[in-house]
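Engineer: What follows is a predicted protein model with its sequence.
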Amino acid sequence: MDRPLPLRAVPALVVLLVLGLLAGPVPAAHAATLLSQGRPVTASSSEGASTPASAAVDGDAGTRWASAWSDPQWLQVDLGASADISQVTLNWEAAYATAYEIQVSDNAASWQTVYSTTTATGGVQNLAVTGHGRYVRFYGTHRVGGYGYSLWEFQVSGTPGTSTPGGPGVTKVTGSQGNWQLSVDGQPWTVKGLTWGPPVGEAATRMPELHAIGVNTVRTWGTDGSSQPLFDAAAANGIKVVAGFWLQPGGGPGSGGCIDYTTDTSYKNTMLAEIQKWVTAYKANAGVLMWNVGNESILGMQNCYSGTLLEQNRIAYTRFVDQAAQAIHAIDANHPVTSTDAWTGAWPYYKAYAPNLDLYSVNSYAQVCQVKQDWLAGGYTKPYIITETGPAGEWEVPNDANGVPSEPTDLQKRDGYVNAWNCVLAHPGVALGATLFHYGTEGDFGGVWFNITTGNEKRLSWYAVRRIYSGQTSGNTPPVISSMNLSRTTDVPAGGTFTLTAAVSDPDGDPITYTMGYNSKYINNAAGLIPAQFTGTGTFTVTAPQQLGVWKIYLYARDGHGNVGIETRSLRVVAPPVPGTNLARGAATTASTYQADGPGAPYPPQAATDGNTATRWASAWADPQWLQVDLGSRQAFDHVQLVWESAFGKAYEIQVSDDAANWRSVYSTTSGDGGADDLAISATARYVRMSATQRGTAYGYSLYEFGVYRR
């Protein structure tokens, strides 16, 4: 957000600053070459889109970089190659630093200070320095006034080196049993990583954020012709990539794509050629840290095979991974090869059948602290990295009162990342780091559970990752939802209301705004959220969905600074109770059609009048269809309730008859929306029929219950 206009530099002041008349003499001419202009530049933050980091090295004294309004902040330029640096010029806007350092580095990770001050006065500052490096950084620790740092220009001059853009950074696994180390260009490298989720095209704009919070590694699951912008952006920000190659059946026990590794030579040859192609293409890219062949396939094979065939495929798969490792080593001697699975039970296969792997990898969440003991018990002779970890996943938490996984709270998720990282650090010389899951921006079911930047908003977990990787604790942080309760959880009437109470506080005293959403994954496997209607603050009156089943409700608390706290609970939506006697219950029921075959079938007509909302009638997938109940004699009634499954009627009539031949309509609609339809209908008849002419989905019509009531 821009600061108030009165603090903007007026044109005359700009001219004076550019000429150096307010700050001292104009820089003297020198033999050094200006190295920084137009070079790739990154920053810890920017005040807004109009003040990007690139404006400080564009040679235009009318454009500027401005940071966020907090300490510390930095601006870093990549000279493209190591150079002898002799001068740095800072041309300040009104928001200047009183205390800062100028630092140089060869790898954008290890920095050497070549100048520091605590008494700077702004203006144009010419600094005579002596240093050598590819990267030069301004690092500010104290600002004048309450705003950020703002530079019209950041100029670095000296003697240029030989440019080697895209040159390889050599990664090695060195050391001996129990005392290993990962190194990049001879310097120690502990993997402080995140798994990468955004589109590759966003890498250039997002990598500076990761660098600023101490991330030095990102992990991917696939490498192909679209990967170069990710590698390039990572390298420009001192970040490396664990570059993945996906193999079927990847992704653990829930995945498909079953390949028989004992017989499918064509698939193996195709994938080996793909791996060799992209290793050749990217081996010289400075963004590559290592290659990772496969993800969770050894575990995932249990979804494809059993018994002897399962064991044979696991062995054949691991041998193929070893073949790929040999092929990669033949092409690229500068980067190690690993392979990821979802359990340490895969490591005995690696030990026996993949000797050419340089290190092992594993995805582990709630059990991550057990990995060390599993490694010790297995007698392994290679180090490992954790390629996914964080808070407990959906598959490893207890079920709640509605029988669905109980999602950890924001506070528990935050602590999950800290705990996982501490367990990695607890195995020095063997655990070489981790890529925590997940740097993604999706706001859906999985994005709320695992993303540290859900919907591009920072969670408590984002700040936890920043602290464990960089030690930073300053800055505005998200609202904290310390408790959340629903007045009803197992029997919320469809379309009715319930009370949600939450204890919410903001550590910075910011005003909090709220939104809510619903997710129906446990009804129809939907990932996205839909808005929830509510009133109130702190204690909310919330309207339940119409569709029956177990929903999740999400409470969002925002502070106006790009931070959000999110909590979620489940609720079971049921048909609203109807007073009186259900004349249709147990009565003879017929239908135009019903589904006799298929998953869960049959779905007969009488299932809609058995008083059990766990059973249902389902018709053929065509129009029109009808469901009819015989009350046994002419009876008066005053209410009809239709409890729809997700396959509902959009256009239908309620019809009555005394002879099941001559019908009259007592209700009709063309705008049905499913859920529970409660209809105030007064009539006297022996037969009552739902006659539908337009479906609300591509499927048929399906009713949990068809009730005819007399109060």
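Structural biologist: Sure, I can see it. Numbering: from 1, shown residues only.
Engineer: Does F706 belong to a helix, a strand or coil?
Structural biologist: Look at F706: counting by DSSP: H, G, I helix; E, B strand; the rest coil, its state is strand.
Engineer: Low-confidence stretches in this structure?
Structural biologist: 1-31, 161-168, 254-256 (pLDDT under 70).
Engineer: C-terminal to the longest helix along it, what's the next element?
Structural biologist: Looking across the chain with DSSP state H, the single longest helix is helix 307-331. Where DSSP states H and E defines the elements, the next helix or strand beyond helix 307-331 is strand 337-341.
Engineer: for the stretch 551-700 of the chain, what spans make up the strands?
Structural biologist: 564-574, 581-582, 588-591, 617-618, 625-637, 639-644, 649-657, 664-669, 676-679, 683-695 (DSSP state E, counting those that start in this stretch).
Engineer: how about the fifth one: buried residues?
Structural biologist: The neighbour-count check on strand 625-637 (16 or more other C-beta atoms under 10 Å) flags 625-631, 637 as buried. C-beta: built from backbone N, CA, C; applies to glycine.
Engineer: Adjacent strands (with direction) for that strand?
Structural biologist: Sheet pairing of strand 625-637 (DSSP bridges) gives strand 588-591 (antiparallel), strand 683-695 (antiparallel).
Engineer: what's the closest of those strands to L411?
Structural biologist: With C-beta to C-beta as the criterion, L411 lies closest to strand 683-695 of these, at 45.0 Å.
Engineer: who's in contact with the closest one?
Structural biologist: Strand 683-695 has contacts (C-beta atoms under 8 Å, 6 or more residues apart in numbering) with 584, 621, 623-637, 640, 642, 647-660, 663, 666, 670, 701, 703, 706, 708.
Engineer: tilt between that strand and strand 664-669?
Structural biologist: Computed by axes from the mean of the first three to the mean of the last three C-alpha atoms, to 10 degrees, the angle separating strand 683-695 from strand 664-669 equals 40 degrees.
Engineer: for the stretch 101-250 of the chain, what spans make up the strands?
Structural biologist: Applying DSSP E, counting those that start in this stretch to the stretch 101-250 of the chain gives strands spanning 112-117, 124-143, 150-159, 171-176, 179-184, 187-188, 191-196, 217-219, 240-245.
Engineer: Name the residues of the first one that come out as buried.
Structural biologist: Yep, that's strand 112-117 we're talking about. By 16+ other C-beta under 10 Å, the buried positions in strand 112-117 come out as 114-115.
Engineer: and the strands of the stretch 551-700 of the chain, which is most packed in?
Structural biologist: Highest mean neighbour count of these: strand 617-618, a mean of 28 (counted as mean count of other C-beta atoms under 10 Å).
Engineer: what's it packed up against?
Structural biologist: Judged by 3 or more C-beta pairs under 8 Å, 6 or more residues apart in numbering; DSSP states H and E, strand 617-618 is in contact with strand 702-710.
Engineer: What strands flank the strand it packs on, and is each parallel or antiparallel?
Structural biologist: Applying DSSP bridges, one finds strand 702-710 paired with strand 581-582 (antiparallel), strand 617-618 (antiparallel), strand 639-644 (antiparallel).
Engineer: how about it as CSV, C-alpha atoms only?
Structural biologist: Below are the C-alpha coordinates for strand 702-710, written out as CSV (Å, rounded to 0.1, in the frame of the first residue of the first chain):
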residue,chain,number,x,y,z
SER,A,702,-33.0,-40.4,-6.4
LEU,A,703,-34.9,-40.0,-3.1
TYR,A,704,-33.8,-41.1,0.4
GLU,A,705,-37.4,-40.6,1.6
PHE,A,706,-40.8,-39.8,0.3
GLY,A,707,-43.0,-38.9,3.3
VAL,A,708,-46.7,-38.1,3.3
TYR,A,709,-47.7,-36.6,6.7
ARG,A,710,-50.9,-36.0,8.7
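Engineer: Would you mark the buried spots in it?
Structural biologist: Quick answer for strand 702-710 (16+ other C-beta under 10 Å): 702-709.
Engineer: Could you do stretch 76-92 as well?
Structural biologist: Residues of stretch 76-92 classed as buried by neighbour count (16+ other C-beta under 10 Å): 76-83, 85-92.
Engineer: circling back: out of the strands paired with strand 625-637, which comes closest to G133?
Structural biologist: Proximity to G133 (C-beta to C-beta) singles out strand 683-695 among the strands paired with strand 625-637, at 68.0 Å.
Engineer: what inclination does that closest one have with respect to strand 649-657?
Structural biologist: Comparing the axes of strand 683-695 and strand 649-657 via the same axes, to 10 degrees yields an angle of 150 degrees.
Engineer: do you know how far V77 is from L34?
Structural biologist: 11 Å (C-beta to C-beta, to the nearest Å).
Engineer: What segments of the protein are helices?
Structural biologist: With DSSP H as the definition, the chain shows helices at residue ranges 11-19, 203-212, 228-236, 265-282, 297-300, 307-331, 347-353, 371-378, 410-425, 445-450, 460-470, 521-524.
Engineer: Please identify which of those helices is closest to V550.
Structural biologist: Among the helices of the chain, helix 521-524 comes nearest to V550, with 4.4 Å by C-beta to C-beta.
Engineer: Would you indicate which residues of the closest one are buried?
Structural biologist: Neighbour counts over helix 521-524 (16+ other C-beta under 10 Å) mark 521-523 as buried.
Engineer: got a list of contacts for that helix?
Structural biologist: Under the criterion C-beta under 8 Å, 6+ apart, residues 404, 445, 527, 547, 549-552, 570, 646 lie in contact with helix 521-524.
Engineer: Narrow those to just the buried residues.
Structural biologist: Among the contacts of helix 521-524, those classed as buried by 16+ other C-beta under 10 Å are 404, 445, 547, 549-552, 570, 646.
Engineer: could I get these as TSV with distance to P428?
Structural biologist: Below are these laid out as TSV (distance: C-beta to C-beta, whole Å):
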residue	distance to P428
V404	39
F445	37
Q547	52
G549	49
V550	44
W551	46
K552	40
S570	41
S646	53
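Engineer: For W69, state which of the residues you listed is nearest.
Structural biologist: Ranked by distance to W69 (C-beta to C-beta), the buried ones among the contacts of helix 521-524 are led by F445 at 35.0 Å.
Engineer: T568 versus that closest one, what's the distance?
Structural biologist: For F445, the distance to T568 equals 9 Å [C-beta to C-beta].
Engineer: Give the residues shared as contacts by the two.
Structural biologist: K552.
Engineer: From what I see, W347 and L376 are in contact.
Structural biologist: No - the pair W347 / L376 is not scored as a contact, 11.8 Å apart, by C-beta atoms under 8 Å.
Engineer: Looking at the two, which is more packed in?
Structural biologist: When neighbours are counted by other C-beta atoms under 10 Å, W347 and L376 differ, and W347 comes out ahead with 23 against 12.
Engineer: so what's that one up against?
Structural biologist: If a contact means C-beta under 8 Å, 6+ apart, then W347 has 341, 360, 362, 374-375, 378, 380 as its contacts.
Engineer: which residues sit against stretch 40-48?
Structural biologist: Stretch 40-48 has contacts (C-beta under 8 Å, 6+ apart) with 1-3, 52-54, 56-57, 65-70, 72-78, 148, 150, 154, 207-208, 211-212, 236-237.
Engineer: Kindly check the end-to-end length of it for me.
Structural biologist: 18 Å (C-alpha to C-alpha, to the nearest Å).
Engineer: likewise stretch 337-349?
Structural biologist: Stretch 337-349 has an end-to-end distance of 16 Å (criterion: C-alpha to C-alpha).
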